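Engineer: dropping a prediction and its sequence here:
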Amino acid sequence: MTLIEALNWRYATKRMTGDKVPPVQVERILEAIRLAPSSYGLQPYSVLVIEDAALRERIGPVAFGQPQIVQSSHLLVFAAWNPVEARHVDELTRLMAETRGLEPSELDAYGDTIKGTLDGFATPHERFQWAARQAYLALGTALAAAAMERVDASPMEGFDPAELDRLLDLQSQGLRSVALLALGYRDTGADRHAGLAKIRWPWERLFIPLPEA
């Protein structure tokens with residue numbers, strides 16, 4: 001199956017069967033998230049993997065009762081680092097040096113560039129929003145990876161982030177939730193969206209070709 005075929009197959013599933021996704025497939029989706037691109041390769045976010053049914057039941061009301069929360073096999077919580085700090089940059093450059101056989105000093109300029117970007121944000125909120133945007137790159141990669149596995153995936157912003165952060169004690173971990181992703185299998189009998197034609201803007205509406213200079 002090609003990526004285009006997989007993307008045509010997928011949709012934001014509204015009802016799931018509760019069947020479990022095999023661990024090997026979950027691991028491949030998580031590995032795709034790990035390999036997702038991000039600005040400077042910093043990946044300023046963490047992903048909580050929630051399989052426990054009781055915890056997903058507690059999360060349900062925080063997500064306004066969306067059934068995918070409890071009907072899914074796994075719930076992924078994408079949480080941006082808050083705050084993103086210089087120490088995170090130092091951890092990245094140390095990892096790069098170890099992985100590529102470099103002297104840490106060879107990456108000083110690279111680390112300073114990243115720190116300069118972080119220092120350039122006018123407010124902590126702007127810095128958090130930058131980190132959140134990196135998490136969304138990983139979310140998009142997860143959606144494509146799940147589709148390739150024929151695993152349904154429903155991305156959700158419809159939840160109370162502050163309440164979820166309290167429930168999962170994210171603040172103590174230096175995290176703030178930004179998006180949810182329910183993984184599972186579509187319930188075609190209960191989901192009226194199953195099998196509907198995909199609606200996307202046509203090429204001529206979406207893409208703007210620019211003339212040669």
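Structural biologist: Sure thing, it's come through.

Engineer: other SSEs contacting whatever helix or strand residue 47 lives in?
Structural biologist: Remark: residue 47 resides in strand 45-50, with elements defined by DSSP states H and E. On a contact count with 3 or more Cβ pairs under 8 Å, 6 or more residues apart in numbering; DSSP states H and E, strand 45-50 meets helix 23-34, strand 74-81, helix 124-148, strand 175-184. (C-beta placed from N, C-alpha, C; glycine too.)

Engineer: mean confidence score for the next helix or strand after the last one?
Structural biologist: Read that as strand 175-184. Sequence order places helix 203-206 as the next helix or strand after strand 175-184, per DSSP H and E. Per-residue pLDDT over helix 203-206 has a mean of 96.

Engineer: sorry, back to before: tilt between the strand holding residue 47 and helix 124-148?
Structural biologist: Relative orientation of strand 45-50 and helix 124-148, computed by axes from the mean of the first three to the mean of the last three Cα atoms, to 10 degrees: 50 degrees.

Engineer: which parts of strand 45-50 are buried?
Structural biologist: Under the neighbour-count criterion of 16 or more other Cβ atoms under 10 Å, strand 45-50 has 45, 47, 48, 50 buried.

Engineer: residue 37 versus the third one, what's the distance?
Structural biologist: Residue 48 is 21 Å from residue 37, where distance means Cβ to Cβ, to the nearest Å.

Engineer: check the second one too.
Structural biologist: Plainly put, residue 47 is 15 Å away from residue 37 if you go by Cβ to Cβ.

Engineer: now do the contacts for the residue sitting nearest the centre point of the chain.
Structural biologist: Residue closest to the average C-alpha location in the chain (Cα atoms, centre = their mean): residue 139, at 2.8 Å. Residue 139 sits next to 78, 155, 179, 181 when contact means Cβ atoms under 8 Å, 6 or more residues apart in numbering.

Engineer: what's the closest non-adjacent residue to residue 183?
Structural biologist: residue 74 (4.5 Å; Cβ to Cβ, 6 or more residues apart in numbering).

Engineer: measure stretch 36-47 end to end?
Structural biologist: 12 Å (Cα to Cα, to the nearest Å).

Engineer: and that stretch, what's buried?
Structural biologist: For stretch 36-47, the buried set under the neighbour-count rule, 16+ other Cβ under 10 Å, comprises 36, 42, 43, 44, 45, 47.
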